[in-house]
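Chemist: Please work out how this folds:
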Amino acid sequence: DVPRLREGNVALQAFTIVTSAPKGQNFERNATPRLHNDTITLLALAQRWGARALTSLMARALAQTAFINTAAARSGGALRVLRTAAELDAHVAARRGGDRRTVAAVLGVEGLHAIDSDVRNVDVLADAGVVMASLSHFFDTDLGGSAHGERKYGLLPLGRRVLHAMRRRRMLLDVAHAS
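Modeler: Sure, this is the predicted structure:
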């Protein structure tokens, strides 16, 4: 709702993408959901994200980035997805100069289990506009543990490789749910 964001003088809005969430999600302990048996599957079906979104977390992430990128493209300049620090600096300078026409958006991913265990997909997400991500969300993954997972283990080898890919792409690391 970009008009209300503008009315509220919102300068920057983070849109974070969730690709999988366990049924009965809580803050204490969550099992890793099966792809076909999580709460996001129903959302993907209801919103018609495409058949691939039923079997691929990466397809779910890309569907959601496409929604925001399309909304920005259709907004007539009212919403702009920021991809670089330079774009953020320019937006801040425009706001300081009194230009309130544009709400900036940054895209993030809540848990890089969204890459379907393929480090190359970090680049795909970055190319789609994702600038920040966490390694885990509400459950443990093959990248690392979650503060809300069953085992709450630390960073795993795949997680280390993903961190290197994120650093190479100058992505921000969200540690909110890390164990």
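Chemist: looking at the chain, which helix or strand does the model trust least?
Modeler: Lowest by mean pLDDT, DSSP states H and E among the helices and strands of the chain is helix 39-46, with a mean of 90.
Chemist: Could you give me the buried positions within that one?
Modeler: Buried residues in helix 39-46, counting neighbours by 16 or more other CB atoms under 10 Å, are found at 40-41, 44. Just so you know, the C-beta spots here come from the backbone N, C-alpha and C atoms, and that holds for glycine as well.
Chemist: nearest to residue 114, of those residues?
Modeler: Proximity of those to residue 114 (CB to CB) peaks at residue 40, which lies at 10.4 Å.
Chemist: just checking, the closest one touches residue 60?
Modeler: Yes. Residue 40 is in contact with residue 60 according to CB atoms under 8 Å; the separation is 6.4 Å.
Chemist: what residues do the two have in common as contacts?
Modeler: Common neighbours of residue 40 and residue 60 (criterion: CB atoms under 8 Å, 6 or more residues apart in numbering): 19-20.
Chemist: The helix or strand that the least confident helix or strand of the chain is followed by versus helix 39-46: what angle between them?
Modeler: The helix or strand immediately downstream of helix 39-46 is helix 57-73, counting by DSSP states H and E. Helix 57-73 and helix 39-46 are oriented at 60 degrees to each other (axes from the mean of the first three to the mean of the last three CA atoms, to 10 degrees).
Chemist: Give me the contacts around helix 57-73.
Modeler: 2, 15, 17, 19-20, 35, 40, 44, 49-50, 52-53, 79-81, 105, 107, 109, 113-116, 118, 121, 124-125, 128-130.
Chemist: for residue 133, which residues make a bridge with it?
Modeler: residue 109, residue 173 (DSSP bridges).
Chemist: Only the buried residues of stretch 49-61, if you could.
Modeler: 49, 53, 56-61.
Chemist: How are the helices of this structure distributed by residue range?
Modeler: Secondary structure of the chain (DSSP state H): helices at 2-7, 39-46, 57-73, 85-96, 120-127, 157-168.
Chemist: Pick the most deeply packed of these.
Modeler: Highest mean neighbour count among the helices of the chain (mean count of other CB atoms under 10 Å): helix 57-73, with a mean of 19.
Chemist: C-alpha coordinates for that one, CSV please?
Modeler: Extracted C-alpha coordinates of helix 57-73, given in CSV (Å, rounded to 0.1, in the frame of the first residue of the first chain):
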residue,chain,number,x,y,z
LEU,A,57,12.0,-22.7,-2.2
MET,A,58,14.1,-20.8,-4.7
ALA,A,59,11.0,-20.5,-7.0
ARG,A,60,9.1,-19.2,-4.1
ALA,A,61,11.7,-16.5,-3.4
LEU,A,62,11.8,-15.4,-7.0
ALA,A,63,8.0,-15.2,-7.2
GLN,A,64,8.0,-12.9,-4.2
THR,A,65,10.9,-10.7,-5.6
ALA,A,66,8.9,-10.5,-8.9
PHE,A,67,5.8,-9.2,-7.0
ILE,A,68,7.8,-6.4,-5.4
ASN,A,69,9.8,-5.5,-8.5
THR,A,70,6.6,-5.5,-10.6
ALA,A,71,4.9,-3.3,-8.1
ALA,A,72,7.8,-0.8,-8.2
ALA,A,73,7.8,-0.8,-12.0
